[in-house]
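> next comes the sequence, and after it the predicted model I'd like to discuss.
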Amino acid sequence: MSKNKAVLQSSAITILALSLSGGTWAATTIRLAHTANVSHIHHEAALQFAQNVKDRTKGEYVVEVYPAGELGDQPALAEQVTLGALDLSVVSLGNMAMYAKELNAMTAPFLFSDYDQAHKVIDGFVMGWMNQKLENHDAVGLSMFDYGFRQTTTKGVVVNSAEDLKGVKIRVPPSTGLLAAFDAIGANTQRIAYSELYTSLKQGVVTGEENPVFTILADSLYETQDQLALTNHYFDCQVFLANKTFFDGLPVEVQQILKEEAVKAQNLTRDKVSHGEAAAIEELKKKGMNVTVPNRDSFVAKMKPAYEEVSKLSGKEAMDELLAAIDKIK
């Protein structure tokens with residue numbers, strides 16, 4: 001490890017000295033950062049992880065949770081983890097594709113038909129495949145948090161098929177697959193920082209956006225949008241990422257605890273997202289949103305250019321590997 005990385009690593013783990021019965025007891029602090037709102041399921045999962053790690057290590061390891069982008073946006077958090085300046089974070093695979101181009105394949109639209117299929121592919125293929133690609137970047141994924149299937153919202157535009165979004169100005173995050181998908185159906189895609197999205201929607205800079213229903217609800221996007229189209233165009237998941245040097249430096253028994261609690265946190269998001277989606281949709285209806293279920297085939301039929309665009313970045317081999325793993329589950 002380089003001198004600079006060693007300095008960064010040492011700053012990521014602090015020692016809190018507490019006096020107990022005249023002696024000194026040292027607690028190691030682990031820093032975990034994410035970008036979700038404190039009302040979001042990811043924050044609940046992070047708090048559960050922190051509490052369980054503290055309990056199982058009898059207070060020897062304390063996890064400090066920094067939510068809502070307190071330590072930076074997702075690209076910044078990913079960079080901090082790979083540099084050893086941060087121990088743990090929750091970041092999208094699209095952001096991790098900056099370090100391993102093959103991960104762009106996971107940004108392709110309409111990969112999964114339901115949660116069960118997505119979970120089986122992630123557990124049976126994606127985790128090992130991803131960690132192999134990240135080996136040279138001092139990072140390792142401990143588990144994968146569900147973020148949910150992404151849906152489309154608009155103001156004044158009822159969406160029943162892909163044609164209804166043609167020409168509509170819609171904010172799309174800088175994910176290769178998402179941009180390519182909405183470009184493929186002829187939408188007028190706009191790249192706007194998420195921190196500016198609410199204001200952009202309210203001021204009419206864009207007509208629509210796309211996000212999981214939990215984000216639409218938690219961040220009050222329904223206040224600026226009156227239409228919710230259940231397009232299920234992208235299964236969004238985010239890796240619970242650890243700096244590998246930090247993780248490998250932990251005692252083996254502590255590594256095992258972190259692995260187990262990371263999976264428990266993952267399973268909390270899976271349970272709450274998959275089983276809570278219907279309730280979130282009902283809540284959005286109560287907030288005044290009209291809900292439609294567009295024709296899926298009308299979207300899928302237009303996705304060839306999107307897959308070609310994703311394959312250019314991920315490499316055809318990586319795209320083929322992922323599709324083959326999905327076909328096995330089908």
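Yep, that arrived.
> which ones are touching Arg31?
Contact partners of Arg31, counting by Cβ atoms under 8 Å, 6 or more residues apart in numbering, are Ala12, Val63, Glu64, Tyr66, Leu71, Leu86, Asp87, Leu88. Heads up, the C-betas are built off the backbone N, CA and C, glycines and all.
> that one pairs with what?
Beta bridges link Arg31 to Glu64 when assigned by DSSP bridges.
> ok, and the closest non-adjacent residue to Leu250?
Closest residue to Leu250 apart from its sequence neighbours, by Cβ to Cβ, 6 or more residues apart in numbering: Leu258 at 7.1 Å.
> quick one: buried residues of the helix or strand harbouring the one you found?
According to DSSP states H and E, Leu258 maps onto helix 252-286. Going by neighbour count (16 or more other Cβ atoms under 10 Å), the buried part of helix 252-286 is 254, 257-258, 261-263, 265-266, 268-270, 272-274, 277, 280-281, 284.
> try stretch 170-183
Those would be 170-173, 175-183, for stretch 170-183 by 16+ other Cβ under 10 Å.
> what does stretch 46-57 give?
Ala46, Leu47, Phe49, Ala50, Asn52, Val53, Lys54, Arg56, Thr57.
> show me what it is in contact with.
Counting contacts by Cβ under 8 Å, 6+ apart, the residues outside stretch 46-57 that touch it are 30, 32, 34, 61-65, 67, 90, 254, 257-258, 261-262, 264-265, 268.
> for it, list the C-alpha coordinates in CSV.
C-alpha atoms of stretch 46-57 as CSV (Å, rounded to 0.1, in the frame of the first residue of the first chain):
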residue,chain,number,x,y,z
ALA,A,46,-27.6,1.1,7.6
LEU,A,47,-28.7,1.8,11.1
GLN,A,48,-29.6,-1.9,11.6
PHE,A,49,-26.1,-2.9,10.4
ALA,A,50,-24.5,-0.4,12.8
GLN,A,51,-26.5,-1.6,15.8
ASN,A,52,-25.9,-5.2,15.1
VAL,A,53,-22.2,-4.8,14.5
LYS,A,54,-21.9,-2.9,17.8
ASP,A,55,-23.9,-5.6,19.7
ARG,A,56,-22.1,-8.6,18.2
THR,A,57,-18.6,-7.1,18.8
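> just the ones of the buried residues of stretch 46-57 in helices?
Among the buried residues of stretch 46-57, the members falling in helices (DSSP state H) are Ala46, Leu47, Phe49, Ala50, Asn52, Val53, Lys54, Arg56.
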